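Enquirer: build me a structure from this.
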Amino acid sequence: MIKVKNDSVLLSIDSNKQYDLPFLWLRDNCQCDECRIAETQEKQFLLHSVPIDIVPTSVIEKDNNILITWPDKHESIIPIDKIKESEIARYPKHQSWPANFRPNKFDWSGFLDDRAVCIEGLKDFVTYGVIILCNAPKKSNSLELLSKRFGPLHETLFERIHNVSVSGHVYNVAHTSKGLPPHNDFASYKSQPSVQALHMLENECEGGESIVVDGWELAEDLRKEKSDFFNVLKKFQVPFREFDENNETYAEAPLIQCASNGAIESFRFSNQLMQMINPTKEGIREFYEAYHEVSARIYHDKYRSTFRLNGGEVLIVASHRVLHAREAFIPNGKRHLQDAYFVYDNAANNLVLLS
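Expert: Numbers count the residues shown, from 1 in each chain. Predicted coordinates:
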């Protein structure tokens, strides 16, 4: 059932669902071949080509479509099913980690070659922000193979695939046997890598347990319990830097970034890359109080999961959400890890494609 109002059309479906469709929305979403390219479904109609106060001359419902005639005689068609589909979430909903959470494990070969296994793995990855692939080859540069599911590697200045061991080139704490506090990599990039894959080739050392932290859940709790701190961390620009003799990266960004609807999109945290903040900067005291609070919460058990990453396992994190860390270890055996970065959008959209 439809009802034409002053500046919109009220569409009633069943007994309890209504859509208030503005005239401009109706004109912009015409599905006819003149307004859209049939082969690609790309829109070619340009909204500015009609008046802002456009009013239809006729609106009817027929065969589960809305049919609209406009003053220039153009006839628009909009399937009602398509309007319903616009409400369906494209991706699985993000969920908090349950108590005693451990990342789910998926077989490496199954994830790469079995569509059903990959769908399950990517759903879990989007939902919780972390998965582990097991039975991966213990062969250098195997992370290249993940591009089948995660799209092309996201390269940074510091190697395409990065080796982490206590021998070789050392430019941060990861290359020592010290504990590595929770962080996401390259906070020193304005556009941080959004997926990180950490492939353990060998792990024969004592200690060195892996840790992941749900930064989004932490930030949501902060918003509920200490909203003043949350708002400070959402606005205050923090400097981060990572460099070596050949490379320089630097960015200033807030620790928490939200979408226009308030949903958390990024939790940026790296104690080791954070730089000295100008002490005369406005809001410095309030920032440090909020930063102290969030720094303590990162070590709360509620947000953390600790486990051993064995040789032949790959930890994959949605790094705008999930921080990773490592306990100190005794270098009494071989320990070699490689990591690489990917783009979250490619992983999430591959899930849609496969599904």
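Enquirer: can you tell me the element Leu153 falls in?
Expert: Counting by DSSP states H and E, Leu153 is held by no secondary-structure element, helix or strand.
Enquirer: who's in contact with it?
Expert: The contact partners of Leu153, by Cβ atoms under 8 Å, 6 or more residues apart in numbering, come to Leu143, Glu144, Ser147, Arg160, Ile161, Ala340, Tyr341, Phe342. To be clear about C-beta, it is placed using only N, CA and C from the backbone, and glycine gets the same treatment.
Enquirer: which pLDDT value does the model give it?
Expert: Here the pLDDT value assigned to Leu153 is 97.
Enquirer: ok, it to Leu143 distance?
Expert: Going from Leu153 to Leu143 by Cβ to Cβ, to the nearest Å gives 8 Å.
Enquirer: same check on Thr69?
Expert: Spatial separation of Thr69 from Leu143 under the definition Cβ to Cβ is 56 Å.
Enquirer: these two: which is more packed in?
Expert: Regarding Thr69 and Leu143, a neighbour count based on other Cβ atoms under 10 Å identifies Leu143 as having more, with 23 against 14.
Enquirer: Ile161 is in contact with the more buried one, correct?
Expert: Yes: look at Leu143 against Ile161 with Cβ atoms under 8 Å: they come within range, at 5.6 Å.
Enquirer: what residues are shared contacts of those two?
Expert: Joint contacts of Leu143 and Ile161 (Cβ under 8 Å, 6+ apart) are Leu153, Gln338, Asp339, Ala340.
Enquirer: doesn't the last one lie inside a helix?
Expert: So that's Ala340. No: using DSSP: H, G, I helix; E, B strand; the rest coil, the secondary structure at Ala340 is strand, not a helix.
Enquirer: how near is it to Phe307?
Expert: When Cβ to Cβ is applied, the distance between Ala340 and Phe307 equals 21 Å.
Enquirer: which one is Phe125 nearest to, not counting chain neighbours?
Expert: Using Cβ to Cβ, 6 or more residues apart in numbering and skipping residues adjacent in sequence, the residue nearest Phe125 is Ile131, 4.9 Å away.
Enquirer: oops, could you answer that again for Pro193 instead?
Expert: Setting aside the residues directly before and after it, Pro193 is nearest to Tyr341 in space (Cβ to Cβ, 6+ apart), at 3.5 Å.
Enquirer: tally of neighbours for Leu353?
Expert: Leu353 is surrounded by 7 other residues when neighbours are defined as other Cβ under 10 Å.
Enquirer: am I right that it is in a helix?
Expert: Yes: for Leu353, which was evaluated using three-state DSSP, the result is membership in a helix.
Enquirer: list the contacts for it?
Expert: Listed by Cβ under 8 Å, 6+ apart, the contact set of Leu353 is empty.
Enquirer: quick check, nearest of the shared contacts of Leu143 and Ile161 to Glu289?
Expert: The shortest separation between Glu289 and any of these is 33.6 Å, and it belongs to Asp339 (by Cβ to Cβ).
Enquirer: from what I can see the closest one touches Ala197, true?
Expert: Yes: taking Cβ under 8 Å as the definition, Asp339 is a contact partner of Ala197 at 6.3 Å.
Enquirer: mutual contacts of the two, please.
Expert: Counting by Cβ under 8 Å, 6+ apart, the residues touching both Asp339 and Ala197 are Leu143.
Enquirer: and the helices in the stretch 1-150 of the chain?
Expert: Taking DSSP state H, counting those that start in this stretch to define them, one finds helices in the stretch 1-150 of the chain at 23-28, 80-85, 108-113, 115-128, 147-150.
Enquirer: Gly311: which of those is closest?
Expert: Evaluated with Cβ to Cβ, the helices of the stretch 1-150 of the chain place helix 108-113 nearest to Gly311, the distance being 12.6 Å.
Enquirer: in that closest one, which residues are buried?
Expert: When neighbours are counted by 16 or more other Cβ atoms under 10 Å, the buried residues of helix 108-113 are found to be Trp108, Gly110, Phe111, Leu112.
Enquirer: and what of stretch 83-102?
Expert: With burial defined by 16+ other Cβ under 10 Å, the residues of stretch 83-102 counted as buried are Pro92, His94, Trp97, Phe101.
Enquirer: go through the residues you listed and say which is closest to Tyr250.
Expert: The shortest separation between Tyr250 and any of these is 30.0 Å, and it belongs to His94 (by Cβ to Cβ).
Enquirer: export only the CA atoms of stretch 154-167, formatted as PDB.
Expert: Once non-C-alpha atoms are left out, stretch 154-167 reads as follows in PDB (Å, rounded to 0.1, in the frame of the first residue of the first chain):
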ATOM      1  CA  HIS A 154      49.200  -4.300   1.900                       C
ATOM      2  CA  GLU A 155      52.800  -3.400   1.700                       C
ATOM      3  CA  THR A 156      54.600  -1.000   4.100                       C
ATOM      4  CA  LEU A 157      58.000   0.500   4.000                       C
ATOM      5  CA  PHE A 158      59.400  -2.300   6.200                       C
ATOM      6  CA  GLU A 159      59.500  -5.300   3.900                       C
ATOM      7  CA  ARG A 160      56.600  -7.000   2.100                       C
ATOM      8  CA  ILE A 161      56.800 -10.000   4.400                       C
ATOM      9  CA  HIS A 162      58.500  -9.200   7.600                       C
ATOM     10  CA  ASN A 163      60.800 -11.600   9.500                       C
ATOM     11  CA  VAL A 164      60.600 -11.500  13.300                       C
ATOM     12  CA  SER A 165      63.500 -13.300  15.200                       C
ATOM     13  CA  VAL A 166      66.100 -12.400  17.700                       C
ATOM     14  CA  SER A 167      68.800 -12.500  15.100                       C
END
